[in-house]
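Trainee: got a predicted model here, sequence first, then my questions.
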Amino acid sequence: MADYQPVLKAVVPAAGLGTRFLPATKATPKEMLPVVDKPAIQYVVEEAVSAGLHDVLMITGRSKRSIEDHFDRAYELEEALRAKGDEQRLAAVRESSDLATMHYVRQGDPRGLGHAVHCARGHVGNEPFAVLLGDDMIDARDKLLTRMIEVRQRYGGSVVALQEVAPDQVSSYGCAAITGTDEDDVVRITDLVEKPSVEEAPSNWIIIGRYVCDPAVFDVLEKTPPGRGGEIQLTDALRTLADTPAEEGGGVYGVKFRGRRYDTGNKLEYLRTVVQFASERDDLAPEFMPWLREFVARHDAS
């Protein structure tokens with residue numbers, strides 16, 4: 001492997017308004033909506049830590065204070081649980097505050113994902129870093145981020161996660177034009193198109209919410225004009241880096257992900273995710289699955 005800087009920091013943009021989940025998100029960040037008994041954002045931080053990234057910067061906004069509270073110590077609650085002798089819940093409460101070294105910066109003016117990532121510059125400095133979007137949850141058994149960091153260490157540049165979808169789905173995502181490498185799951189990105197029409201899509205491989213970025217992305221983001229939706233798009237900056245020489249931090253690679261991904265960005269996918277997680281829990285599945293089968297059977301009969 002080439003002698004590239006190690007990836008040690010994770011950036012988690014969490015400043016969105018969560019309008020798809022109103023009124024639930026009027027006073028509660030969408031990132032704090034539970035997937036069974038843990039907020040979605042905790043699964044994302046756990047993924048970063050599992051890949052060796054113990055320094056996590058959360059990009060937050062107004063009304064996101066509960067995210068900070070969740071990853072902080074809750075001494076009164078801990079003391080109450082300790083007094084009851086409830087060691088299991090005490091361990092669960094402490095788990096979130098012991099996960100990682102958490103940092104926070106506010107994205108005062110939410111001007112897109114690219115702008116959110118640029119807000120991390122003061123903390124990240126001149127180091128490569130990972131970006132994990134809270135709407136995408138990757139199954140803990142699928143070590144996607146670890147693989148992406150390996151690819152960065154071999155090739156340099158930036159790395160995005162790719163997933164193949166049906167042609168009629170490409171217009172909802174950023175889409176990649178790709179060429180092969182000598183590794184089956186690694187491709188070189190030659191172009192990126194944000195939410196193309198089916199006719200304009202260069203492939204069926206879409207970008208999902210995991211990135212490993214070279215620090216060169218910050219200078220590019222500074223010069224990137226607002227794109228689709230009037231927002232500064234990370235996809236546009238990566239497109240520029242795809243044509244930038246390697247010695248200037250350029251080159252963009254993709255890891256083809258064929259594992260388990262859960263989308264919590266809309267109500268239907270969120271509900272599917274909760275059901276899937278509950279169905280695989282040893283403490284819930286023995287009772288939940290028979291009930292679910294019976295419910296579905298009754299629903300079909302009616």
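Mentor: Cool, the structure landed. Numbers count the residues shown, from 1 in each chain.
Trainee: return the distance of whatever helix or strand Q163 lives in from the chain's centre.
Mentor: Using DSSP states H and E, Q163 falls within strand 158-164. Computed by C-alpha atoms, centre = their mean, to the nearest Å, the chain-centroid distance of strand 158-164 equals 12 Å.
Trainee: repeat for stretch 273-281
Mentor: 19 Å.
Trainee: pLDDT (mean, whole number) over it?
Mentor: Regarding stretch 273-281, the rounded mean pLDDT is 96.
Trainee: again, but for stretch 23-34
Mentor: 91.
Trainee: stretch 173-192 now?
Mentor: Mean predicted confidence for stretch 173-192 is 91.
Trainee: what does it rub up against?
Mentor: 147, 151, 155, 160, 162, 165, 193-196, 201-208, 233, 235-236, 238-239, 242, 251-256, 258 (C-beta atoms under 8 Å, 6 or more residues apart in numbering). In this view, the C-beta of every residue, glycine as well, is placed from N, C-alpha and C.
Trainee: in helices only, show me those.
Mentor: R147, V151, Y155, T235, D236, L238, R239, A242 (DSSP state H).
Trainee: not counting sequence-adjacent ones, nearest residue to the last one?
Mentor: Computed as C-beta to C-beta, 6 or more residues apart in numbering, the closest residue to A242 that is not its neighbour in sequence is V252, at 4.3 Å.
Trainee: ok, back up a step: centre of the chain to the helix or strand following the strand holding Q163, how far?
Mentor: Downstream of strand 158-164, the first helix or strand assigned by DSSP H and E is strand 174-180. With C-alpha atoms, centre = their mean as the basis, strand 174-180 stands 20 Å off its chain's centre.
Trainee: orientation of strand 174-180 relative to helix 234-242 in degrees?
Mentor: 30 degrees (axes from the mean of the first three to the mean of the last three C-alpha atoms, to 10 degrees).
Trainee: flag every buried residue along strand 174-180.
Mentor: G174, C175, A176, A177, I178 (16 or more other C-beta atoms under 10 Å).
Trainee: show me what the last one is bridged to.
Mentor: It refers to I178. Beta-bridge partners of I178, counted by DSSP bridges, are I189.
Trainee: gap between it and D184?
Mentor: 13 Å (C-beta to C-beta, to the nearest Å).
Trainee: do the third one as well
Mentor: Taking C-beta to C-beta as the measure, A176 falls 16 Å from D184.
Trainee: give me the contact list for stretch 111-126.
Mentor: The set of residues external to stretch 111-126 that reach it, using C-beta under 8 Å, 6+ apart, is 9, 11, 13, 15, 57, 59, 103, 105-107, 109-110, 129, 131, 133, 213, 215, 217-218, 221-222, 224, 226-227, 229-237.
Trainee: ok, 6 Å please
Mentor: Residues outside stretch 111-126 that contact it (C-beta atoms under 6 Å, 6 or more residues apart in numbering) are 9, 11, 13, 15, 57, 59, 103, 105, 107, 131, 215, 218, 221, 224, 231-234, 237.
Trainee: keep only those of those residues that are in strands.
Mentor: K9, V11, P13, L57, I59, H103, V105, V131 (DSSP state E).
Trainee: in CSV: those residues, plus pLDDT, distance to K84 and neighbour count.
Mentor: CSV is the format used below for the ones in strands among the contacts of stretch 111-126 (pLDDT from 0 to 100; distance: C-beta to C-beta, whole Å; neighbours: other C-beta atoms under 10 Å):
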residue, pLDDT, distance to K84, neighbour count
K9, 97, 38, 21
V11, 97, 38, 27
P13, 94, 37, 28
L57, 97, 35, 22
I59, 94, 37, 26
H103, 96, 33, 14
V105, 93, 37, 17
V131, 98, 40, 24
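Trainee: out of those residues, which is nearest to E68?
Mentor: H103 (10.1 Å; C-beta to C-beta).
Trainee: got any ranges where the chain has weak pLDDT?
Mentor: Along the chain, segments meeting pLDDT under 70 span 1-2.
Trainee: filter the contacts of stretch 173-192 to the buried ones?
Mentor: 147, 151, 155, 160, 162, 165, 193-196, 201-208, 233, 235-236, 238-239, 242, 251-256.
Trainee: keeping just the C-alphas, turn stretch 122-130 into PDB.
Mentor: Extracted C-alpha coordinates of stretch 122-130, given in PDB (Å, rounded to 0.1, in the frame of the first residue of the first chain):
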ATOM      1  CA  GLY A 122     -11.600  23.600  11.100                       C
ATOM      2  CA  HIS A 123     -11.800  20.300  12.900                       C
ATOM      3  CA  VAL A 124     -10.500  18.000  10.200                       C
ATOM      4  CA  GLY A 125      -7.600  20.100   9.000                       C
ATOM      5  CA  ASN A 126      -5.400  18.600   6.400                       C
ATOM      6  CA  GLU A 127      -6.300  15.000   7.000                       C
ATOM      7  CA  PRO A 128      -8.500  12.500   5.100                       C
ATOM      8  CA  PHE A 129     -11.800  11.800   6.700                       C
ATOM      9  CA  ALA A 130     -15.000   9.800   6.400                       C
END
